[in-house]
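# Predicted model, plus sequence, below.
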Amino acid sequence: MYYSVDMYYFESIDNTFQFGRYKGYTMEYVLINNPSYLDYCITVINDFMISPNVIEQIKEFFPNFIIPICYSNKIGSYLEYLNNINTSNYNEDYNNNDYSEEDNYEYYNSNESTYERYNGSWAQDEEGYSDEDIDTIFEGDPSAYWNID
């Protein structure tokens, strides 16, 4: 596994996601198509951080987007981002365990949700449920999404 130091830092809404469901897509695309994904990244990914410039761009181009107060500790300069992440922990964890590169790759990828098996279904494309969610919640039937209370 190769860990990019700036993988989770966004200087602009033109920057692309290097991970997850929207890997390869710009933040602007995500804000247009699934703005709640930004909330997910802010709350779930410890190292995720955006620059003050991103906040200004969001205010300018997406004036109806609500920026919660919980974003405040995830806004900062690239230097603040570098100070907040501790890459030595990643290297220390890797060096203190007897992982092969394949094991490490498998371990990290096993935590990522997939969006391939039920691609084209309303539950996945419109509601955002992952393959794992559909298997677990809907017992593998993506058409059962409407039955959630």
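Looks like it arrived, so ask away.

# pLDDT at the residue lying closest to residue 35 once chain neighbours are set aside, what is it?
Using CB to CB, 6 or more residues apart in numbering and skipping the chain neighbours, the partner closest in space to residue 35 is residue 65 (6.1 Å). In this view, the C-beta of every residue, glycine as well, is placed from N, C-alpha and C. Looking at residue 65, its pLDDT is 86.

# quick one: residue 65 is in a helix?
No - counting by DSSP: H, G, I helix; E, B strand; the rest coil, residue 65 falls outside a helix, being coil.

# which residues sit in contact with it?
Contacts for residue 65 (CB atoms under 8 Å, 6 or more residues apart in numbering) come out as 31, 35, 58, 59.

# List only those of those residues flagged as buried.
In the contacts of residue 65, burial by neighbour count holds for 31, 58, counting by 16 or more other CB atoms under 10 Å.

# Name the nearest of the contacts of residue 65 relative to residue 23.
residue 31 (16.0 Å; CB to CB).

# Return the set of buried residues in the helix or strand harbouring that closest one.
Here residue 31 is covered by helix 27-33, with elements defined by DSSP states H and E. By neighbour count on 16+ other CB under 10 Å, the buried set for helix 27-33 is 27, 28, 30, 31.

# So which elements touch it?
helix 36-44, helix 52-61 (3 or more CB pairs under 8 Å, 6 or more residues apart in numbering; DSSP states H and E).
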